[in-house]
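Student: Have a look at this prediction, sequence included:
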Amino acid sequence: MSASKSRPERIAAHVRTMPPSGIRDFFDIVSTMKDVISLGIGEPDFVTPWHIRESAIFSLERGVTSYTSNLGLLSLRQALADYVERVFGPRYDPAREILVTVGVSEALDLVMRAILEPGDEVIFHEPCYVSYGPVITFAYGKPVPIATRAENHFALTPGEVAASITPRTRAIILNYPNNPTGAILPLEYLRGIAALAEEHDLIVIADDIYAELTYDGVHTSAAALPGLRDRTIFLHGFSKAWAMTGFRLGYACGPADLIGAMMKIHQYTMLCAPITSQRAALEALKNPDADIQEMRAEYQRRRNFIHASFSEMGIPCPRPAGAFYAFPEVRSCGMNSKDFAYALLDEEKVAVVPGTAFGACGEGHVRCSYATAMDDIKEAMVRFRRFVEKRRAH
Amino acid sequence: MDELLKLLKKNALESPENLARMLNLSVEQVKAKIEDYEKAGVIRGYQAVVNHDQLDLNLVTAVIEVKVTPEREGGFNHIAERISKFNEVQSLYLMSGAFDLLLFVSGQTLKEVAFFVSDKLATIPGVLSTATHFMLKTYKDHGVLMESQDEYERLKVSP
């Protein structure tokens, strides 16, 4: 087989110039190595609870294999309306204000395409999930990242937001608890950002995918603040709290005009989310608290362990308050993030993700996921410590 | 249940240092708590979960349902204590339903267990009847699966 000739000119410029995800190169190297302990994984290490898997199997046995309504199964939307109201506060109409999507990733893409005109700006905080900037660019918008700082525990401050607002600003993305830092957003900051959103008529995109995995304090969604419900798209899904990443199921809640616009794109591009996943999600919502509590308790023990271990090593690491990531600062080893991650992998066979994969301001940090079995975390911390001590002795 | 007990029930060999890290306590606090639990009798021992099927042991385990007559003043306790003193009896529970006591009994051979039932158990005053079931294979014990399944591997790095 001969390789076909690469012809960059036939790729659209805004796609051609987009660099591939920094995580990708790293993944390619790690996957060729044996006996690596990976703290590089952005998905739960739990298997989806059995009763949820069992209901997916049952629906297949029954022959439930068709399309659903574009919005998603009505029964699922009704269950989502109840769940969101009980856990987060705002009430959404299952008939017009909830859209079931293929993961939060699709929902995020739909929001951008539904609201942006070429050149419109979207504010988001870095370090952040790898897709925010690209998804805005692919919708012909202009990404406006704000670098958050370790000394603020990576919380986005209203002052930083105010300084980034221009007449072209259309929306702001909030993702707390945060991937990759594990940070949460203090309520007074959220209130300040909400006031700015009202003042400048911005849409707030609340990516609350890690909300249930909050260990310190109580999570408040932007959608729950008075006056914000009708300018907020609330994004959530089943991947993290129910360990259902491979089911690819998310949802968006918001005012009917925005959800209707997103629905239009979804209808023509995706049609609907897979019915097997939707049936599984319906089961997940039947008695959600027990599953979630069990996983949260286990993550919390790991969070404590990993944070205590970094403190003992003298590695600065803001205490993660949510999600399943720690974001320690490794500058004291005299290397940048990427060199550190590659050397740690090479010498100690521990995979962490360079902080720069989540934005330039992640320099000096690495992301350590604790969605990994406790025994692996223990061994990884032993190796991490050995590596750090060796570097400091130099 | 206290988080410390949950962790010890999962792995009694966990080091105090690791327990302290997980629970956000000091090593001394962890050691003191464990000692308190031991003194109070909440923690009554530490055992390994062993897959007997994997060892070439002559070991037979039976589950025995026993109907008894409760005694005046002693209720079920007196007779239950008496039965629990036999070394053959591994576990003993008072049950609701069609019988009163449930015993887990082990011995080297089928015959040995059968003799225990006919000679020792059935002849205790107050024992009305017994029904013995022999165990054939253990799939799960104390929450631990006895056969490991092939693990599905996740991607090693993901966003």
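Tutor: Nice, I can see it. Numbering: from 1, shown residues only, chains lettered A, B, ... in the order given.
Student: Disregarding residues adjacent in the polypeptide, which is nearest to B:Asp2?
Tutor: B:Lys33 (7.9 Å; CB to CB, 6 or more residues apart in numbering or on different chains). All C-beta atoms are positioned from the backbone trio N, CA, C, and that covers glycine.
Student: if I've got this straight, that neighbour is in a strand?
Tutor: No - counting by DSSP: H, G, I helix; E, B strand; the rest coil, B:Lys33 is not part of a strand but helix.
Student: can you tell me how far it sits from chain A?
Tutor: 15 Å (CB to the nearest CB, to the nearest Å).
Student: residue contacts, that residue?
Tutor: Contacts were defined as CB atoms under 8 Å, 6 or more residues apart in numbering or on different chains; by that measure B:Lys33 touches B:Asp2, B:Leu4, B:Leu25.
Student: And what about the last one, helix, strand or coil?
Tutor: Of the three states, B:Leu25 takes coil under three-state DSSP.
Student: Quick check: phi and psi on it?
Tutor: B:Leu25 adopts backbone torsions of phi -120, psi 170, taken as degrees, to the nearest 10.
Student: So for the residue nearest to B:Asp2, what's the pLDDT?
Tutor: If you check B:Lys33, the pLDDT there is 96.
Student: mind listing the helices in chain B by residue range?
Tutor: B:3-10, B:16-23, B:27-40, B:77-84, B:110-115 (DSSP state H).
Student: where does the stretch 251-394 of chain A have low pLDDT?
Tutor: Nowhere does the stretch 251-394 of chain A drop to pLDDT under 70.
Student: interface residues of it facing chain B?
Tutor: A:Ala297, A:Arg301, A:Arg302, A:Asn304, A:Phe305, A:Ala308, A:Ser309, A:Ala351, A:Val353, A:Met374, A:Lys378 (CB under 8 Å from any CB of the partner chain).
Student: how about a cut-off of 7 Å?
Tutor: Contact residues, the stretch 251-394 of chain A versus chain B (CB under 7 Å from any CB of the partner chain): A:Arg301, A:Asn304, A:Phe305, A:Ala308, A:Ser309, A:Ala351, A:Val353, A:Lys378.
Student: hang on, the earlier thing: to A:Asn178, which of the helices of chain B lies closest?
Tutor: Closest of the helices of chain B to A:Asn178 is helix B:16-23, at 22.7 Å (criterion: CB to CB).
Student: thinking again about what came up before, let me have the residues of the stretch 251-394 of chain A next to chain B in JSON lines, extended by neighbour count.
Tutor: JSON lines is the format used below for these (neighbours: other CB atoms under 10 Å in any protein chain shown):
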{"residue": "A:Arg301", "neighbour count": "23"}
{"residue": "A:Asn304", "neighbour count": "21"}
{"residue": "A:Phe305", "neighbour count": "22"}
{"residue": "A:Ala308", "neighbour count": "20"}
{"residue": "A:Ser309", "neighbour count": "23"}
{"residue": "A:Ala351", "neighbour count": "26"}
{"residue": "A:Val353", "neighbour count": "33"}
{"residue": "A:Lys378", "neighbour count": "19"}
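Student: which residues sit in contact with the residue most central in space within chain B?
Tutor: In chain B, the residue lying closest to the centroid (CA atoms, centre = their mean) is B:Ser91, at 6.0 Å. Contacts for B:Ser91 (CB atoms under 7 Å, 6 or more residues apart in numbering or on different chains) come out as B:Phe104.
Student: and what of A:Gly133?
Tutor: Contacts of A:Gly133 by CB under 7 Å, 6+ apart are A:Pro143, A:Pro145.
Student: Equivalent analysis for A:Leu196, please.
Tutor: A:Pro158, A:Val161, A:Ala162, A:Ile165.
Student: And the buried ones among the residues you listed, selectable in PyMOL?
Tutor: Remark: buried members of the contacts of A:Leu196, expressed as a PyMOL selection using 16 or more other CB atoms under 10 Å in any protein chain shown:
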select buried, chain A and resi 158+161+165
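Student: Counting only helices, which of the contacts of A:Leu196 make the cut?
Tutor: Mapping those onto helices (DSSP H) picks out A:Pro158, A:Val161, A:Ala162.
Student: so which of these comes closest to A:Gln278?
Tutor: Scanning these for proximity to A:Gln278, where the rule is CB to CB, the winner is A:Val161, at 35.8 Å.
Student: quick one: pLDDT of that closest one?
Tutor: 98.
Student: Quick check: it touching A:Ile193?
Tutor: Yes - using CB atoms under 7 Å, A:Val161 makes contact with A:Ile193 at a distance of 5.4 Å.
Student: Tell me the residues that contact both of the two, please.
Tutor: By CB under 7 Å, 6+ apart, the residues touching both A:Val161 and A:Ile193 are A:Ile172.
Student: would you list every one of the strands in chain B?
Tutor: With DSSP state E as the criterion, chain B has strands at B:60-68, B:89-94, B:101-107, B:127-134, B:140-141, B:144-145.
Student: how near is A:Asp201 to A:Leu225?
Tutor: Counting by CB to CB, to the nearest Å, the gap from A:Asp201 to A:Leu225 is 16 Å.
Student: Look at these two and report which has more neighbours.
Tutor: Between A:Asp201 and A:Leu225, counted using other CB atoms under 10 Å in any protein chain shown, A:Leu225 has the larger neighbour count: 22 against 9.
Student: got the contact list for that one?
Tutor: Going by CB under 7 Å, 6+ apart, the list of residues near A:Leu225 reads A:Leu190, A:Arg191, A:Ala194.
Student: Pick the one among those closest to chain B.
Tutor: A:Leu190 (24.7 Å; CB to the nearest CB).
Student: Run a quick check on the closest one versus A:Ala223, I expect a contact.
Tutor: No - using CB under 7 Å, A:Leu190 is not in contact with A:Ala223; the gap is 10.9 Å.
Student: near chain A, which residues of chain B?
Tutor: B:Asn18, B:Arg21, B:Met22, B:Leu23, B:Asn24, B:Arg154, B:Leu155, B:Lys156, B:Val157, B:Ser158, B:Pro159.
Student: you'd agree the fifth one is up against A:Arg303?
Tutor: No - contact between B:Asn24 and A:Arg303 fails when scored by CB under 7 Å: they sit 9.3 Å apart.
Student: For those two, indicate the residue with more neighbours.
Tutor: Higher neighbour count among B:Asn24 and A:Arg303: A:Arg303, with 26 against 16, using other CB under 10 Å.
Student: list the contacts for that one?
Tutor: A:Tyr215, A:Pro320, A:Tyr370.
Student: Tell me if it really is in a helix.
Tutor: Yes - assigned with three-state DSSP, A:Arg303 falls within a helix.
Student: Count the neighbours of the closest residue to chain B within the stretch 101-250 of chain A for me.
Tutor: For the stretch 101-250 of chain A, the residue closest to chain B is A:Val130, as judged by CB to the nearest CB, at 4.7 Å. By other CB under 10 Å, 21 other residues sit near A:Val130.
Student: residues touching it, list them.
Tutor: So A:Val130 contacts A:Ser21, A:Ile23, A:Ala357, A:Phe358, B:Pro159 (CB under 7 Å, 6+ apart).
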